[in-house]
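Visitor: Curious how this folds, go ahead:
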Amino acid sequence: MTQQQLLMIEDDTRLATMVGEYLRQSGYAFTHAADATSGLDALQSTPPDLVILDLMLPDMDGLEVCRRIKAGNPAIAVLMLTAKGDPMDRIVGLEIGADDYLPKPFEPRELLARIRAVLRRGAEAATSNGGGHKTIRFGSLEIDRDARLVSVSGKPCELTSYQFDLLVALSERAGRVLTRDQIMEAVRGRELEAFDRSIDVHMGRIRSAIENDAKDPKRILTVRGVGYVFAKQQD
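Guide: Residues are numbered from 1 along each chain as shown. Down below sits the predicted model:
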């Protein structure tokens, strides 16, 4: 079985060495780049399955690195390492396409769990034939689960892999009010930490892509104090 390739872009060599040893023992092929320039070069020579990206790099803003990775190859998953207690970088990173984030300091086991969850989502999406109808339709909104494409009135909508999975999870439960925890559990397969509100960032991005007016949504509705509901009746 071919090992999945991980690239860590991190200027803390000691941390990268520790993480590399742990992930290699867990069955992954691991490479390390100490700055953004060498990391982006490594992406060109051997595209990895997932990039572990520190946002505090010496030669380039990590958010810009994330933007370039997703612009060049959207299929490459990005797991950001953010400063603990700094939600702004996390929000911006998710908005520009990062698949997940992990605040520093972190436990290697938590990093491994996040990596497995992100890669599993991608593998399941690539291999699943899906049950029932492969295309979900609500009015002018079409969600092609096999091709992983979303369109409104025939116009493509740009979503990250994670946002696509969130939209599918909601649409498959149309009319049912879901808490944030239930939504994240449906996609990630793990419970959501109580303080984590990244789901709201993703919902905002999905609304911007599929709603005629993101400020007055008709497809994904907020149920104050509870969570979200995907409307059964749509134009």
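Visitor: Which residue would you name as the spatial centre of this structure?
Guide: Asp99 (2.1 Å; C-alpha atoms, centre = their mean).
Visitor: In the helix or strand of the chain with the lowest mean pLDDT, which of the residues would be classed as buried?
Guide: Least confident helix or strand, the chain: helix 87-95 with a mean of 77, by mean pLDDT, DSSP states H and E. For helix 87-95, a neighbour-count test (16 or more other C-beta atoms under 10 Å) marks 89-95 as buried. No exception for glycine: its C-beta is placed from N, CA and C like everyone else's.
Visitor: Beyond it, next helix or strand please.
Guide: strand 100-104 (DSSP states H and E).
Visitor: What angle do strand 100-104 and the longest helix seen in the chain make with each other?
Guide: Ranked by number of residues, the top helix in the chain under DSSP state H is helix 108-127. Using axes from the mean of the first three to the mean of the last three C-alpha atoms, to 10 degrees, the inter-axis angle of helix 108-127 relative to strand 100-104 is 170 degrees.
Visitor: Dump helix 108-127 to PDB, keeping only the CA atoms.
Guide: Taking C-alpha atoms only, helix 108-127 is exported to PDB below (Å, rounded to 0.1, in the frame of the first residue of the first chain):
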ATOM      1  CA  PRO A 108       0.900  14.700  18.500                       C
ATOM      2  CA  ARG A 109      -2.100  12.400  19.000                       C
ATOM      3  CA  GLU A 110      -4.500  15.300  18.300                       C
ATOM      4  CA  LEU A 111      -2.500  16.200  15.200                       C
ATOM      5  CA  LEU A 112      -2.700  12.600  14.000                       C
ATOM      6  CA  ALA A 113      -6.400  12.500  14.600                       C
ATOM      7  CA  ARG A 114      -7.000  15.700  12.600                       C
ATOM      8  CA  ILE A 115      -4.800  14.400   9.700                       C
ATOM      9  CA  ARG A 116      -6.600  11.100   9.500                       C
ATOM     10  CA  ALA A 117     -10.000  12.800   9.600                       C
ATOM     11  CA  VAL A 118      -9.100  15.200   6.700                       C
ATOM     12  CA  LEU A 119      -7.500  12.500   4.600                       C
ATOM     13  CA  ARG A 120     -10.400  10.100   5.300                       C
ATOM     14  CA  ARG A 121     -12.900  12.600   4.100                       C
ATOM     15  CA  GLY A 122     -11.000  13.000   0.800                       C
ATOM     16  CA  ALA A 123     -10.600   9.300   0.300                       C
ATOM     17  CA  GLU A 124     -14.300   8.600   1.000                       C
ATOM     18  CA  ALA A 125     -15.300  11.300  -1.400                       C
ATOM     19  CA  ALA A 126     -13.000   9.900  -4.100                       C
ATOM     20  CA  THR A 127     -14.100   6.300  -3.800                       C
END
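Visitor: Flag the shaky bits of the protein, pLDDT-wise.
Guide: For the chain, the stretches with pLDDT under 70 are 1, 84-86, 122-133, 188-197.
Visitor: Could you list the domains of this protein?
Guide: What automatic domain parsing lists as the domains of the chain is 5-127, 135-230.
Visitor: Distance from the chain centre to stretch 102-114, please.
Guide: Stretch 102-114 sits 16 Å away from the centroid of its parent chain (C-alpha atoms, centre = their mean, to the nearest Å).
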